[in-house]
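>>> mind looking at a prediction? Sequence and model below.
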Amino acid sequence: MTTNPKLAPLLLSGPALLVFIGLVLAPLVMTALLSFYDWGQYKGIVAEFTIKNWHEVITDEYYYEIFGRTLRIALFVTAISVVIGVPEAYILNRMSPQWRGVFLLVVIGPLLISVVARTLGWALLFGSTGLISQALLTLGAVREPIDLMFTESGVVIALTHVLVPFMVLAVMAALQRLNPDVENAAMSLGASGFTVWRRVILPQIVPGILSGSVIVFALAASAFATPAIIGGRRLKVAATLAYDEFLNTLNWPLGAAIAMILLGALVAIIVGSNRLIERRYAQVFE
Amino acid sequence: MSYLALERLTKAYGGVLAVEALDLTVARGEFISLLGPSGCGKTTTLQMIAGFVEPTSGRAMLEGTDLFGVRPNKRGLGVVFQSYALFPHVTVAENVAFGLEMRGVPRAEREQRVKQTLDLVGLSGLADRYPRRMSGGQQQRVALARALVIQPAILLLDEPLSNLDAKLREEMQTELRTIQRSVGTTTILVTHDQGEAMALSDRIVIMNKGRVEQIARPDEAYARPASAFVANFLGKTNVVSAKVVSEGSRHIVDIAGFRLPVPDRSPTGPVTVTVRPERITFVDDPALGIRGCVHSRVFQGTHWLFHIETELGALIVLRQNDGAAVPLEGENVRLAWGENDLLIEALGAS
């Protein structure tokens, strides 16, 4: 049996392509189409083309607030992950291999625990009678009990906890590409430990920090379980909003429009920042 | 008075001695090579001087002050690494300027000195390049410029040429020597390449298993190696067993019937004899030397390399290609050498 050699690549990648089309592309296209369907309280979903879902999301300030909150939370989580994750990665990278293995497990620990168990654990700590509030009261750091439940701060803390590992892994990958002699070279030229870090190490791992930030930002902006449990129904973000439209209001087309806008915004931010990274560092890292 | 003195310098990793009680004095402006196989402790020695590795014991006195009491970033030594270790995120000029910046040299002077040093290493037009866009040889020059621009007390070179191809390496050797002579910086080179060490250095420190085997001028070490290890490491050599006997007032070494007078202080009894391949000659006199048969001969341009089967085992012989006829493969020959071409070591003395 002979086959056209030009067909071979297509046939070989066929199975994976089918899975991708079936499981990723098709639902996405269907969601996109759904966002242009009509919906009414009594008539349900009607296959009639309309842009009213999009119009509603884009004009109603209620949605602005929710998207603004999503963006704010994602930015805070990303910033805190950089501040915690970068030094963490640097310290881990300098440990002896045995200790590095142990502590790497500790760092990625949050990822190994079910999101529900982990988030409910935070809920126990966050309440006004929770551990954090009680501890701060006892220490005299605050006068009144503080309640982090159903607050943006609570969501940011819980999300940072689970997303920091992605930053650590991205930065560690960048650190491992560094030539260890370079630190010694800078030191021999008269640089103190801090100067070596600021002038030599940090600039070289910026691409790692940026790619870690893109991952953390995307995951924070599209996170569902943590904002749903810590933020509750009062403190909605884009993902919980879409969920509520689908399953509570049963307004699927509106939920689809929200999901598409979230997806569009994330793709725009990620592609945009990637462009920026590539242009800024093309000279040095190719 | 010596410029740099290493006194009983020792480094132990766990129970293993990487460097054992190394003593070395270096004069100002001298070019010293630490030569030895990998794992002999040469790089560890360099790293202790630079401050990247903490010594276990011993001192390093630079003009009377102990280097080990000074933090690595205050020692003012220039280091060139095998991997070059350039800063990839800044230009060549910024790489070279880094050490001056750390010293608070004002911008105008900095720029002038960077330019001078780049001229010195032959990189005048490339100040604004990024290291990744340069060849290995050019990166090597940048690394050298970066180390030299701070006018270091000592220049430390850690296998700086081993990542270059053979032709470029030879060029860089010549250039390195010229630059070192012109700026007069005291230099310590670490290398496993005996040719490089001999071509560049005023003196060679030959190391083996953490210990110094010999410190000598290159030609001295080659002509009078202190041990069979040195003889073997510095160029090709033949090692055969023989015995020394005393006959009347004289000592004679007997190499499978080939007898040569040796100095009276030679130990009597079984010995090993080391002979350089270029010192062995073919002789016609059937009464002289050792009988052998040419096993193979290889033409190497400037000379011929012979492998000759003898009753002592296989010997290698180098014959200068001076146009004269040379023996063919399978031909029977007689080999001989002079009494001054020998190195004699008592067995078990190594």
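Nice, I can see it. Computed from a predicted structure; not experimentally measured.
>>> could I get the full set of strands for the stretch 1-150 of chain A?
A:38-40, A:44-46 (DSSP state E, counting those that start in this stretch).
>>> wait, does stretch B:92-108 contact chain A?
Yes. Using Cβ under 8 Å from any Cβ of the partner chain, stretch B:92-108 reaches chain A at B:98-99, B:102-103. Glycine gets a C-beta too; all of them are placed from N, C-alpha and C.
>>> still on that earlier bit, just the strands of the stretch 1-150 of chain A: most buried one?
strand A:38-40 (a mean of 15; mean count of other Cβ atoms under 10 Å in any protein chain shown).
>>> quick one: mean pLDDT for that strand?
Strand A:38-40 carries an average pLDDT of 87.
>>> that strand pairs with which strands, and in what direction?
Partner strands for strand A:38-40, per DSSP bridges, with pairing direction: strand A:44-46 (antiparallel).
>>> mind checking how far the strand it pairs with is from the chain centre?
When distances are taken as Cα atoms, centre = their mean, to the nearest Å, strand A:44-46 is centred 33 Å away from the chain's centroid.
>>> what's in contact with that strand?
For strand A:44-46, contacts defined as Cβ atoms under 8 Å, 6 or more residues apart in numbering or on different chains pick out A:34, A:37-40, A:250, A:252-253.
>>> about what we covered before: which of the residues of stretch B:92-108 next to chain A lies closest to B:Ala242?
B:Gly99 (56.0 Å; Cβ to Cβ).
>>> how about the contacts of strand A:44-46 in JSON lines, adding distance to B:Leu288?
Listed next are these as JSON lines, based on distance: Cβ to Cβ, whole Å:
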{"residue": "A:Leu34", "distance to B:Leu288": "104"}
{"residue": "A:Tyr37", "distance to B:Leu288": "109"}
{"residue": "A:Asp38", "distance to B:Leu288": "114"}
{"residue": "A:Trp39", "distance to B:Leu288": "113"}
{"residue": "A:Gly40", "distance to B:Leu288": "119"}
{"residue": "A:Leu250", "distance to B:Leu288": "112"}
{"residue": "A:Trp252", "distance to B:Leu288": "107"}
{"residue": "A:Pro253", "distance to B:Leu288": "108"}
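>>> what distance do you get for A:Phe67 to chain B?
Distance from A:Phe67 to chain B, counting by Cβ to the nearest Cβ, to the nearest Å: 36 Å.
>>> mind listing what that residue touches?
Taking Cβ under 8 Å, 6+ apart, we find A:Phe67 in contact with A:238, A:261-262, A:265.
>>> per-residue pLDDT of it, please?
If you check A:Phe67, the pLDDT there is 93.
>>> again with the one 10 residues further on
As summarised for this prediction, A:Val77 has a pLDDT of 97.
>>> list the contacts for it?
Here A:Val77 is in contact with A:156, A:159-160, A:163, A:216-217, A:220 (Cβ under 8 Å, 6+ apart).
>>> rerun that using 6 Å as the cut-off
Under the criterion of Cβ atoms under 6 Å, 6 or more residues apart in numbering or on different chains, the neighbours of A:Val77 are A:156, A:159-160, A:163, A:220.
>>> return the member of those residues nearest to B:Ser246.
Nearest to B:Ser246, judged by Cβ to Cβ, of the contacts of A:Val77 is A:Leu163 at 85.8 Å.
>>> low-scoring pLDDT stretches of the chain, where are they?
Assuming you mean chain A. Across chain A, the ranges flagged by pLDDT under 70 are A:1-3, A:282-286.
>>> chain B, not that one
B:1, B:348-350.
>>> what is the longest helix along it packed up against?
Secondary structure of chain B per DSSP state H: the longest helix is helix B:166-183. Counting by 3 or more Cβ pairs under 6 Å, 6 or more residues apart in numbering or on different chains; DSSP states H and E, the packing neighbours recorded for helix B:166-183 are helix B:194-200.
>>> what's the helix it packs on packed up against?
helix B:166-183.
>>> in PDB, list the C-alpha atoms belonging to the helix it packs on.
C-alpha atoms of helix B:166-183 as PDB (Å, rounded to 0.1, in the frame of the first residue of the first chain):
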ATOM      1  CA  ALA B 166      43.500  24.900  18.000                       C
ATOM      2  CA  LYS B 167      44.500  27.700  15.600                       C
ATOM      3  CA  LEU B 168      42.800  30.500  17.500                       C
ATOM      4  CA  ARG B 169      44.300  29.100  20.700                       C
ATOM      5  CA  GLU B 170      47.800  29.500  19.400                       C
ATOM      6  CA  GLU B 171      47.100  33.000  18.200                       C
ATOM      7  CA  MET B 172      45.700  33.900  21.600                       C
ATOM      8  CA  GLN B 173      48.700  32.400  23.400                       C
ATOM      9  CA  THR B 174      51.000  34.700  21.500                       C
ATOM     10  CA  GLU B 175      48.800  37.700  22.100                       C
ATOM     11  CA  LEU B 176      48.200  36.900  25.800                       C
ATOM     12  CA  ARG B 177      52.000  36.800  26.300                       C
ATOM     13  CA  THR B 178      52.500  40.000  24.400                       C
ATOM     14  CA  ILE B 179      49.800  41.800  26.400                       C
ATOM     15  CA  GLN B 180      51.100  40.400  29.700                       C
ATOM     16  CA  ARG B 181      54.600  41.600  28.900                       C
ATOM     17  CA  SER B 182      53.400  45.100  27.900                       C
ATOM     18  CA  VAL B 183      51.300  45.700  31.000                       C
END
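>>> chain center to the helix or strand just after it: distance?
Counting by DSSP states H and E, the next helix or strand C-terminal to helix B:166-183 is strand B:187-191. In terms of Cα atoms, centre = their mean, the centre of strand B:187-191 is set 8 Å apart from its chain centre.
>>> quick one: strand B:187-191 to helix B:166-183, angle?
160 degrees (axes from the mean of the first three to the mean of the last three Cα atoms, to 10 degrees).
>>> tell me where the chain has helices.
Chain wasn't specified; assuming chain A. Going by DSSP H, chain A shows helices at A:7-20, A:26-34, A:52-59, A:61-94, A:97-112, A:115-126, A:131-139, A:152-176, A:180-188, A:193-195, A:202-221, A:225-226, A:238-247, A:252-281.
>>> the intended chain is chain B.
B:42-50, B:92-102, B:107-120, B:136-148, B:166-183, B:194-200, B:218-223, B:228-233.
>>> if we can go back for a sec, nearest to B:Val212 among the helices of chain A would be which one?
Nearest to B:Val212, of the helices of chain A and by Cβ to Cβ, is helix A:180-188 at 24.7 Å.
>>> quick check: residues of the stretch 151-286 of chain A near chain B?
A:179, A:181-182, A:184-185, A:187-192, A:200, A:203-204, A:283-284 (Cβ under 6 Å from any Cβ of the partner chain).
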